[in-house]
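> Got a predicted structure plus its sequence, pasted below:
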Amino acid sequence: MSINLEQLMQTQQALAKQVKCDDDFNASINYVGGTDVGFEDNGKITRAAIVILRYPTFEVVEYHIARVETGFPYIPGYLSFREYPALLAAWQQVTQKPDLLFVDGQGVAHPRRLGIASHLGLLLDMPTIGVAKKRLCGQYEILPKQAGNVTPLQDKQEQIGWVLCSKNNCNPLFISTGHRVSQDSALNWVNLCLRGYRLPEPTRWADAIASNKPLFKKFIYAE
DNA sequence: GCGACAG
DNA sequence: ATCTTGTCGC
């Protein structure tokens, strides 16, 4: 089996046309979700974590981890094809579906406007926000690492997202609309979910769960 | 042609 | 992403 990138590119372009960048979700958010993906056995196994938090208290309501065989390599610009199968498996286990889902990776801040947050948003028909730790494409003005600083991420006269300094002395986050959320709301909701750490709570918990970090171990022990 | 390139 | 200790700075 070989990979036909030409074919996948066309698939992305077709899907990108279906992405909605306007607010289309209940104004009252009661549950927010976060996702993160990790790998095991030299990448043979893809491990996806999904966590649901109550908003605005950020208590963990439930979390799930799904492991599936990795069926696609990592190719910049095609990350979603590698990670979405495991994310869908984890999603099936979710009882309390969130009102908003924070996805690790780009939303429309992607060469063809279909980062994993947008792709997953379409597959789940859920409002999603892309929260990436690195830039994939687009240009922006370098900002002092002072919490609160924010500048547009632009690609060819078009704003594809935001570069946000979420915490002092930390590298910025790359925020972009995934699906059914406006760029302004994406930035707004990330800010509303920040609690003194670089990552917004849904992403921070998903990160801890997917990688079995101290925050998660402590949580398990307390349970 | 060369470098850049989410996780 | 992952393999990994200590270390520097806020």
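That came in fine, so what should we check first?

> What residues are bridge-paired with the closest residue to A:Thr70 other than its chain neighbours?
Nearest non-adjacent residue to A:Thr70, counting by CB to CB, 6 or more residues apart in numbering: A:Thr46, 4.6 Å away. The C-beta positions use only the backbone N, C-alpha and C, and glycine is treated the same way. For A:Thr46, the beta-bridge partners are A:Phe39, A:Val68 (DSSP bridges).

> mind listing what A:Thr46 touches?
Applying CB atoms under 8 Å, 6 or more residues apart in numbering to A:Thr46 gives the contacts A:37-39, A:67-70, A:82-83, A:85-86.

> Tell me the buried residues within these.
If you count burial by 16 or more other CB atoms under 10 Å, the buried members of those come out as A:37-39, A:67-68, A:70, A:82-83, A:85-86.

> Looking at these, which one is closest to A:Ala117?
For the buried ones among the contacts of A:Thr46, the residue nearest A:Ala117 by CB to CB is A:Glu83; the value is 10.9 Å.

> Dump the helix or strand harbouring A:Gln12 to PDB, restricted to CA.
Using DSSP states H and E, A:Gln12 falls within helix A:5-16. The C-alpha atoms that make up helix A:5-16 are tabulated as PDB, following Å, rounded to 0.1, in the frame of the first residue of the first chain:
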ATOM      1  CA  LEU A   5      -0.500  12.500  -1.500                       C
ATOM      2  CA  GLU A   6      -2.100  14.000  -4.600                       C
ATOM      3  CA  GLN A   7      -5.300  12.200  -3.700                       C
ATOM      4  CA  LEU A   8      -5.200  13.200  -0.100                       C
ATOM      5  CA  MET A   9      -4.500  16.800  -1.000                       C
ATOM      6  CA  GLN A  10      -7.700  16.800  -3.100                       C
ATOM      7  CA  THR A  11      -9.600  15.200  -0.200                       C
ATOM      8  CA  GLN A  12      -8.300  18.000   2.100                       C
ATOM      9  CA  GLN A  13      -9.300  20.700  -0.400                       C
ATOM     10  CA  ALA A  14     -12.800  19.200  -0.700                       C
ATOM     11  CA  LEU A  15     -13.200  19.000   3.100                       C
ATOM     12  CA  ALA A  16     -11.800  22.400   3.700                       C
END
